[in-house]
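K.L.:
below are the sequence and a predicted model; questions follow.
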Amino acid sequence: MHPGPQQPADFLRALFDRAVAVADPMRIVAPALPPRPAGRVVVIGAGKASARMAEAVEAAWGPCEGLVITRYGYARSCAGIEIVEAAHPVPDARGAEATGRMLELLSTLGEDDLAVALISGGASALLVRPAGAISLADKQAVNAALLASGAPIGQMNIVRKHLSRVKGGQLAAAASPARMVALMISDVPGDDPAEIGSGPTVGDASTPADAAATLARWNVEVPQSVGAHLAGGETGVVPPGDPRLARVENRVIAAPAQSLDAAAALVRASGCDLRILGDALEGEAREIAGAQARTAIEARQAMKPGDSPLLLLSGGELTVTRRGDGLGGPNAEFALALALALDGAPGIHAIACDTDGVDGAAEVAGAIIGPGTLARARAVGHDPERALNANDSHGFFAALGDQVITGPTLTNVNDFRAILVLPPE
């Protein structure tokens with residue numbers, strides 16, 4: 001059955017829910033684990049999915065020694081692995097203290113031991129141990145400025161690595177000479193292990209000069225300690241091929257493409273045509289929204305009554321350059337910009353959500369729009385153009401009751417966007 005005019009929102013939400021479900025660590029961690037060795041095993045990790053991943057490890061192996069850092073509200077009950085909650089997206093003292101203890105724990109490992117590292121999106125903020133003379137407050141300031149700058153995630157991660165004692169392979173180096181298996185849930189375009197959580201278990205060839213250039217390119221002002229640290233020319237980032245990484249194996253066990261494929265299977269089963277626009281899109285949310293709006297409008301103009309609906313599907317990680325003082329995130333801003341670009345075009349509905357349930361810093365996954373979104377907003381006194389200019393997309397959709405709120409999904413495979421184009425009747 002085609003999703004008719006009364007069901008588009010439910011259909012789109014079902015696609016999103018399916019994308020999240022297939023990335024549940026309880027489904028994917030156990031098959032990726034190596035056989036449990038007879039010797040000492042230590043489980044460490046960080047990210048929004050890491051506590052659920054730890055829960056999955058103990059479901060397969062029983063109680064384990066270890067320490068995992070996750071976002072506030074994302075803890076799970078584990079028998080042996082300690083779960084610490086800390087702040088995201090701007091790090092805090094709890095994350096810094098737990099990261100220090102994690103490094104100390106890894107330093108006790110020997111050649112016959114195994115470290116299992118559980119890394120998912122969010123680890124960049126949750127694993128925090130500032131390098132050199134950089135204070136936590138200075139690190140927080142740089143992180144917040146980067147998030148507001150509009151810089152792509154890969155560029156942000158270069159900076160994060162060179163201001164850290166744990167990112168850019170340094171976590172894995174701390175476990176040497178033990179063997180390490182890192183299981184990763186990707187939330188980055190291209191699924192590069194070096195980018196997931198700023199690559200704490202992966203060597204990196206970037207330089208402090210690269211980090212300084214990124215800060216300059218995106219007009220990020222930094223404290224004196226950060227400038228001095230980068231100007232020194234040396235950080236602790238571990239280069240690829242370093243012998244301390246020789247016994248590290250990195251495995252990406254879930255990625256955005258797999259979740260899009262699962263949603264695509266539902267689309268095909270519904271009788272809709274499907275066009276995947278990419279699983280690794282990057283760029284400014286409002287610009288990508290404008291481009292996808294044009295694609296949707298052109299597709300509908302080519303439709304005739306009786307044609308199959310079309311679903312445009314995409315993933316990746318969009319960014320927002322902060323211009324106003326509202327509350328928003330890349331997915332809600334995409335949805336608002338899309339609604340404005342569509343301008344009430346008939347037969348076009350969409351959903352845009354972050355699979356971790358948190359869009360920006362808000363406890364909101366994203367939003368759903370339809371042909372009546374702008375008219376409904378204006379009828380109750382909400383100006384969509386003003387909301388977009390103020391980066392207040394969450395406030396806009398909250399007023400309409402069109403937010404998607406999931407609570408912690410306990411996974412993170414990046415953004416999910418679906419645009420449903422219905423034929424004329």
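P.N.:
Nice, thanks for sending it over. Numbers count the residues shown, from 1 in each chain.

K.L.:
just the helices in the stretch 151-300 of the chain please.
P.N.:
Listed in chain order, the helices of the stretch 151-300 of the chain (DSSP state H, counting those that start in this stretch) span 153-162, 170-175, 208-217, 224-231, 256-269, 285-301.

K.L.:
mind listing what's buried in the longest one?
P.N.:
The reference is to helix 285-301. 285-286, 288-290, 292-293, 295-297, 299-300 (16 or more other CB atoms under 10 Å). Placement of C-beta: from N, CA and C, glycine included.

K.L.:
in CSV, list those along with distance to G315 and pLDDT.
P.N.:
Shown next, in CSV, are the buried residues of helix 285-301 (distance: CB to CB, whole Å; pLDDT from 0 to 100):
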residue, distance to G315, pLDDT
A285, 13, 97
R286, 18, 97
I288, 11, 98
A289, 15, 98
G290, 18, 98
Q292, 12, 98
A293, 18, 98
T295, 16, 98
A296, 17, 98
I297, 22, 98
A299, 19, 98
R300, 22, 98
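
K.L.:
got those residues as JSON lines, with distance to W61 columns?
P.N.:
Below are these laid out as JSON lines (distance: CB to CB, whole Å):
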{"residue": "A285", "distance to W61": "41"}
{"residue": "R286", "distance to W61": "46"}
{"residue": "I288", "distance to W61": "42"}
{"residue": "A289", "distance to W61": "44"}
{"residue": "G290", "distance to W61": "49"}
{"residue": "Q292", "distance to W61": "44"}
{"residue": "A293", "distance to W61": "48"}
{"residue": "T295", "distance to W61": "47"}
{"residue": "A296", "distance to W61": "47"}
{"residue": "I297", "distance to W61": "52"}
{"residue": "A299", "distance to W61": "49"}
{"residue": "R300", "distance to W61": "52"}
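
K.L.:
mind giving me a markdown table with the helices of the stretch 151-300 of the chain and columns for distance to D113?
P.N.:
Below are these laid out as a markdown table (distance: least, CB to CB, whole Å):
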| stretch | distance to D113 |
| --- | --- |
| helix 153-162 | 26 |
| helix 170-175 | 8 |
| helix 208-217 | 32 |
| helix 224-231 | 32 |
| helix 256-269 | 31 |
| helix 285-301 | 44 |
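
K.L.:
of these, flag the one that's most buried.
P.N.:
Stretch with highest mean neighbour count among the helices of the stretch 151-300 of the chain: helix 170-175 (a mean of 27; mean count of other CB atoms under 10 Å).

K.L.:
which residues sit against that one?
P.N.:
44, 102-103, 106-107, 109, 115, 117, 127, 164, 166, 180, 182, 200-202, 236-238, 242, 244-245, 248 (CB atoms under 8 Å, 6 or more residues apart in numbering).

K.L.:
from these, which would you call buried?
P.N.:
44, 102-103, 106, 109, 115, 117, 127, 164, 166, 180, 182, 200-202, 236-238, 244-245, 248.

K.L.:
before we move on, back to that, of the helices of the stretch 151-300 of the chain, which is nearest G80?
P.N.:
Nearest to G80 among the helices of the stretch 151-300 of the chain is helix 170-175 (18.2 Å), distances taken as CB to CB.

K.L.:
quick one: mean pLDDT over the closest one.
P.N.:
Average pLDDT, helix 170-175: 98.

K.L.:
how distant is that helix from the center of its chain?
P.N.:
Its chain's C-alpha centre and that of helix 170-175 lie 23 Å apart, by CA atoms, centre = their mean, to the nearest Å.

K.L.:
of all the helices of the stretch 151-300 of the chain, which one is nearest G326?
P.N.:
helix 285-301 (13.5 Å).

K.L.:
what lines up beside the following helix or strand past the closest one in the sheet?
P.N.:
The helix or strand immediately downstream of helix 285-301 is strand 310-319, counting by DSSP states H and E. Strand 310-319 pairs in its sheet with strand 273-284 (parallel), strand 415-421 (antiparallel), by DSSP bridges.

K.L.:
how far out from the middle of the chain is stretch 267-280?
P.N.:
22 Å.

K.L.:
tell me, how many residues neighbour G150?
P.N.:
17 (other CB atoms under 10 Å).

K.L.:
any idea how far R378 is from the closest residue to it other than its chain neighbours?
P.N.:
Leaving out its chain neighbours, the residue that sits closest to G150 by CB to CB, 6 or more residues apart in numbering is T321, at 3.3 Å. According to CB to CB, to the nearest Å, T321 stands 26 Å off from R378.

K.L.:
what do you get for A98?
P.N.:
Using CB to CB, A98 is found at 48 Å from R378.

K.L.:
so those two - more neighbours on which side?
P.N.:
Counted by other CB under 10 Å, A98 and R378 do not tie: A98 has more neighbours, with 24 against 11.

K.L.:
which residue packs closest to the more buried one, ignoring adjacent ones?
P.N.:
Nearest-residue entry for A98: V84, 4.1 Å, with adjacent residues in sequence omitted and distances by CB to CB, 6+ apart.

K.L.:
L67 is in contact with the one you found, correct?
P.N.:
Yes - V84 is in contact with L67 according to CB atoms under 8 Å; the separation is 6.8 Å.

K.L.:
which neighbours do the two share?
P.N.:
Both V84 and L67 are contacted by A98, under the criterion CB under 8 Å, 6+ apart.

K.L.:
pick the most deeply packed of the strands paired with strand 310-319.
P.N.:
Taking mean count of other CB under 10 Å, strand 415-421 is the most buried of those, at a mean of 27.

K.L.:
where are the low-confidence patches of the stretch 1-150 of the chain?
P.N.:
1-6 (pLDDT under 70).

K.L.:
against R179, how distant is the residue nearest to P177 when sequence neighbours are not counted?
P.N.:
Spatial nearest neighbour of P177, excluding adjacent residues (CB to CB, 6+ apart): E111 at 4.5 Å. Distance, E111 to R179, using CB to CB: 8 Å.

K.L.:
now swap in D325 and tell me
P.N.:
If you go by CB to CB, the gap between D325 and R179 works out to 49 Å.

K.L.:
show me how far stretch 99-111 is from its chain's centre.
P.N.:
Centroid separation for stretch 99-111 versus its chain: 27 Å, with CA atoms, centre = their mean.
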